[in-house]
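Novice: fold the following, please.
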Amino acid sequence: MSMAQDALLETELQQLECHFTWELKKEDTNITDLLNRLEQHDELYLGGKAGVAQTNNSLAFMKYLLGFPTEALSCLQKSEELTKEHHENDCDKWLIVTYGNLAWLQYHMKSYAECESYLEKLRDIAKRFPVEPASALHHEVLGEKAWALFKFSRENYERAKECFRMALELEPRDPQWNAGYAFVLHRTERRSGSRPDDSLTVKQLRKAIDTDPDNDELKALLALRLAEFDSEYEEAENLVEKALEGSPNAPHVVRYVGKFFRDYGSVDRSIALLKRALEHSPNSGFIHHQLALCYKSKKISLQKKENRDSPSADVEIQRLRRQCIYHLEKATTLKTDFIIAMIQLAVQYGEDDQLDRAEHLFQETLMKAKEKNEFLQQPYFYYGEFQQYRKRFLPLAISYYKECLKIDHDSIDGRKSVKKLTKIADRYLAKNPQDGRAWGILGFIHKEKGEKIRAIECYEKALQFKSSDEYLSALCELRLSL
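Specialist: Numbering: from 1, shown residues only. Got it, this is the predicted structure:
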């Protein structure tokens, strides 16, 4: 093939809608974790033939990225076969993404005749099923694109949300698109309002269940959302029982049911359910993490009891901590960028007096959180606690509480940092009302909360008792901002 022909061919390929053109960046995802999840979806036959066909499209792209084009080709052939079986005579538009992937893969394998044959199939589909305007997409393509974006990386959640929304404008009752839109809303929407009807996620979960009444995963997820509202707990409990009755051995359902019982019911029942789910999905980092949280919850409950100082209680606390550590280690091994689990594991190492391991893991977690620019407040806060209570190095603890506070003073971790810093400042002032460090800490808190007058007063007091370029700079900045 000449250079000119190759350029023309690649130009046409770039215009296709498929995994190769959707900007699914390898650096945005944890390849091992995603591959495990996709293979698990394939094994469990999630979504029936249609769902497994889409899973194999994504699996094929992953195999290609990992350098296994022959395995990728097998996945795409399986996807094509399942799509034709499921949709029968109405399969053409559902094959657009698969044929696009096949064209790209054959191109990379230098099978140019095969590549051209798939391009010809796509040209034929485009002629028979035109869209207006020409740049628009069929809902079959938009929906699959949304699922691929959603599964690949949290970096793509907003793009996935928009694609699901557009797909539902074209096909409002499609069960796959309604379920996908509910899942991505669940991942992106914070709790809003005092009533469930204020939540877009709750509304969409109800709509998704209405279009797919047998989807027990949606029921379990809706139960978790409703249980956040005291007035809806009874409905939440009923949904959980229905989900468990309908899918007693489905790991993707049981993991949410287990979380529900841990948060709102019985931790022991949650452990039993999650262990059962783990038998079916031993490589699920999510289930290992949920089990770790169960053992952590039991450990904390025992530590709070009045007779906890007995030797038997100490032995049980240690056993529960070791169980927690075991499952957190499994979770972070299976999912190497699981930042929340990494923080929790570092905390448990600290409690277990494994201070060097805790220090190393905190540093690794902070580095990954900075690289990904997500969940950064939590490692800052818990590393501050680690320095304060385990290493007994208060200056560094104060520094990390401040870093946490700077990100968002009104978040859960931001408010906890305010509380920690205020207590430290109050303790300093109780010993010495003229402690400049204490007034500097209070000035910093007020500045980050936007309370400029009170911040100025505190920094002025701090400078009366302690010379500091930091305090002087903050004071000048505040005065100029008034």
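
Novice: the strands in the stretch 51-200 of the chain, which residues?
Specialist: Applying DSSP state E, counting those that start in this stretch to the stretch 51-200 of the chain gives no strands.

Novice: how about low-confidence regions in the stretch 1-150 of the chain?
Specialist: Applying pLDDT under 70 to the stretch 1-150 of the chain picks out residues 1.

Novice: gap between stretch 124-143 and the chain center?
Specialist: Distance, stretch centre to chain centre, for stretch 124-143: 32 Å (C-alpha atoms, centre = their mean, to the nearest Å).

Novice: for that stretch, measure first residue to last.
Specialist: One end of stretch 124-143 sits 21 Å from the other (C-alpha to C-alpha, to the nearest Å).

Novice: so which residues make contact with that stretch?
Specialist: If you take C-beta atoms under 8 Å, 6 or more residues apart in numbering as the criterion, stretch 124-143 is touched by 17, 92-97, 99, 145, 163-164, 166-168, 170-171, 174, 176-177, 180. Where you see a C-beta, it was placed from the backbone N, CA and C, and this is true even at glycine.

Novice: also stretch 16-31?
Specialist: With contact meaning C-beta under 8 Å, 6+ apart, stretch 16-31 is reached by 13-15, 57-58, 60-62, 65-66, 96-98, 100-101, 103-105, 122, 137, 141, 145, 148-149, 152-153, 155-156, 335-337.

Novice: if we look at stretch 449-467, which residues are touching it?
Specialist: Stretch 449-467 is contacted by residues 409, 418, 434-440, 442-447, 468, 471-472, 474-475, 478-479, 481-482 when judged by C-beta under 8 Å, 6+ apart.

Novice: try it again at 10 Å.
Specialist: By C-beta atoms under 10 Å, 6 or more residues apart in numbering, the residues outside stretch 449-467 that reach it are 405, 409-410, 414, 418, 425, 432-448, 468, 470-479, 481-482.

Novice: identify each buried residue in that stretch, please.
Specialist: Using 16 or more other C-beta atoms under 10 Å as the test for burial, stretch 449-467 gives 455-456, 458-459, 461-463, 465.

Novice: can I get these in a markdown table with pLDDT?
Specialist: Shown next, in a markdown table, are those (pLDDT from 0 to 100):
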| residue | pLDDT |
| --- | --- |
| Ala455 | 96 |
| Ile456 | 96 |
| Cys458 | 97 |
| Tyr459 | 96 |
| Lys461 | 96 |
| Ala462 | 96 |
| Leu463 | 96 |
| Phe465 | 94 |
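
Novice: how about the helices in the stretch 51-200 of the chain?
Specialist: For the stretch 51-200 of the chain, the helices defined by DSSP state H, counting those that start in this stretch occupy 69-87, 96-108, 112-128, 139-152, 157-170, 175-188, 200-211.

Novice: and the spatially closest residue to Asp92 that is not a sequence neighbour, how many neighbours?
Specialist: What sits nearest to Asp92 in space, not counting adjacent residues and going by C-beta to C-beta, 6 or more residues apart in numbering, is Ile125, at 5.0 Å. Neighbourhood size, Ile125 [other C-beta atoms under 10 Å]: 16.
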